[in-house]
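> One predicted model, sequence on top.
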Amino acid sequence: MNGFIHAPAIRPVPIPIREILPWAAFAGVLALLLIYFIGAEQGATALIAGHYVHEFVHDGRHLLAFPCH
Amino acid sequence: MVSGILLRGLLAGILAGLLAAGFSFLAGEPSIERAIAFETAMERAAAQPSEPEIVTRSVQRGAGLLTAYIVYGAATGGLFSLVFALAYGRVNCCDPQALSALLALAGFIALGLVPELKYPANPPAIGAPETIGARTALYFAMLAVSLLAMVLAATLAPPLAARLGSWNGALVSATVFVAVAGLAALALPPVDEVPGNFPASVLWNFRLASIGARVVLWAALGLTFGGITQIWLAGGKPGRS
C-alpha cells in the first residue's frame, strides 16, 4: 500500500463543482440512457415497441450480466 | 478542463469496450452458442415452437456484441471521467495515473464483482420471461446498494486514515463496504432459475467469460484513461509527475 501512496510536491487544485456540474448533468443523463438501452430496453420496460433493440444487443446484454428474457 | 477529461473518458471507454468485446467474442460466444443449442433442444423436446429470429445469430455475435460493448464502454468511460474530475485534487492519494487505476478498481468491485456475486450473469436458456421485471429490479437494486456502499467507504476513508493511520483506516473503510454490501446481499432474495439439466461447464465458462470481460473493460478503462490524462495534465510530458 505504501508504494502506492505518492506525495506530490504541489497538490493539484480541485476542479470547482460548479464547473463539473453542467457536464455531469448532460453527459451523466446521456450515459445512463445509453446504459439503459444496452442493459434493459425491451426487457422489463420498453420505450420502443418490438424486440429489435433487445435482440440486437442480446449477446452483450447477457455477457454484461443484465437480466435478459 | 472538464471537457478535456470527459473527452478522454469517452475515448478510453470506447477502447475498453472494443477490447472487452474482442475478449467476449473469443471467450464468451462459444458458451452462448452451446446455451442456445440447449435451449433449442429443450424446445424441440417439449414440442414448443422456437422463438422467431428477428436478428440473425451472426449479427448478434458480431455487430450486436461489438455495438453493445462500445456503447456501454463509452457510457461507462464518460461517467468514470466525471468521477475522476470530482476526485482529482480532492482525493489526496497519488498522481492522476494511479488515481485513475484506483477509481477503476473501485468501480469494478462496486459495479462488476459484488453484483456478480449476488446475481451472477446467465447465458440464454436461463431465466423465466415472467420474472424479468423482478429480476431487473433486484439486479439494479444490488448495483445501487453496492455503489452507495463504495461511496460511503470512500467518504469515510480520509477521516478514518487521519485517526487510525493509512493502513488501519483503509482496512476499516473496506470493512464498511464489505459489511454494507454483504448485508444487502443477504437481505435481497435469491434468484436461481438454472434448469436442473443445464450443463454445468457451459454455465461456469459463461460466467467466467462474463466477469473476465468486465475485468478487461475496467482495467483497460482505468489504465488508458490514467495514461492519457496524466500526459495531458502534465502538459504533454509522459511519465510520472
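Yep, that arrived. Numbers count the residues shown, from 1 in each chain, chains lettered A, B, ... in the order given.
> Okay, now the unreliable bits of chain B?
Applying pLDDT under 70 to chain B picks out residues B:236-241.
> try 90
B:1, B:46-53, B:91-94, B:128-129, B:235-241 (pLDDT under 90).
> Touching, B:Leu79 and A:Ala31? I think so.
Yes - contact between B:Leu79 and A:Ala31 holds when scored by CB atoms under 8 Å: they sit 4.9 Å apart. Placement of C-beta: from N, CA and C, glycine included.
> Next, count neighbours for the closest residue to chain B within chain A.
Proximity of chain A to chain B (CB to the nearest CB) peaks at A:Gly60, 2.4 Å away. Residues lying near A:Gly60 (other CB atoms under 10 Å in any protein chain shown) number 29.
> and if you look at B:Val55?
Counted with other CB under 10 Å, B:Val55 comes out at 18.
> In three-state terms, how would it be classified?
coil (DSSP: H, G, I helix; E, B strand; the rest coil).
> What residues does it make contact with?
Contacts for B:Val55 (CB atoms under 8 Å, 6 or more residues apart in numbering or on different chains) come out as A:Tyr52, A:Glu55, A:Phe56, A:His58, B:Gly64.
> For it, what are phi and psi?
phi -120, psi 130 (degrees, to the nearest 10).
> in the chain, which spans are helices?
Just going to use chain A. A:17-39, A:52-56, A:58-63 (DSSP state H).
> meant chain B, my bad for not saying
Under DSSP H, chain B gives helices at B:2-27, B:29-45, B:57-59, B:65-87, B:96-108, B:114-118, B:132-164, B:166-187, B:200-233.
> Pull out the buried residues from the third one.
When burial is assessed from 16 or more other CB atoms under 10 Å in any protein chain shown, helix B:57-59 yields the following buried residues: B:Val59.
> do the same with the second one
Residues of helix B:29-45 classed as buried: B:Glu29, B:Ser31, B:Ile32, B:Glu33, B:Arg34, B:Ala35, B:Ile36, B:Phe38, B:Glu39 (neighbour count, 16+ other CB under 10 Å).
> can you redo those residues as a markdown table with distance to B:Ala157?
Below are the buried residues of helix B:29-45 laid out as a markdown table (distance: CB to CB, whole Å):
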| residue | distance to B:Ala157 |
| --- | --- |
| B:Glu29 | 40 |
| B:Ser31 | 38 |
| B:Ile32 | 39 |
| B:Glu33 | 44 |
| B:Arg34 | 44 |
| B:Ala35 | 41 |
| B:Ile36 | 45 |
| B:Phe38 | 46 |
| B:Glu39 | 46 |
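> Considering only these, which also neighbour chain A?
The residues of those that also fall near chain A, by CB under 8 Å from any CB of the partner chain, are B:Glu29, B:Ile32.
> excluding its backbone neighbours, what's nearest B:Ser146?
Spatial nearest neighbour of B:Ser146, chain neighbours left out: B:Val114 (4.4 Å); criterion: CB to CB, 6 or more residues apart in numbering or on different chains.
> so how many other residues sit close to the residue of chain B found nearest chain A?
Residue nearest to chain A within chain B: B:Ala68 (2.4 Å; CB to the nearest CB). Number of residues near B:Ala68 (other CB under 10 Å) recorded here: 28.
> now do B:Arg207
Counted with other CB under 10 Å, B:Arg207 comes out at 19.
> Can you give me the distance of it to B:Ser31?
Distance, B:Arg207 to B:Ser31, by CB to CB, to the nearest Å: 9 Å.
> now B:Ser58
In terms of CB to CB, B:Ser58 sits 17 Å off from B:Ser31.
> list the contacts for the residue of chain B closest to chain A?
A:Ile38, A:Val57, A:Asp59, A:Gly60, A:Arg61, A:Leu64, B:Ala21.
> swap in B:Ala161?
Contacts for B:Ala161 (CB under 8 Å, 6+ apart) come out as B:Gly169, B:Ala170.
> Next, count neighbours for B:Arg90.
Neighbours around B:Arg90, by other CB under 10 Å: 13.
> Nothing else from me, thank you.
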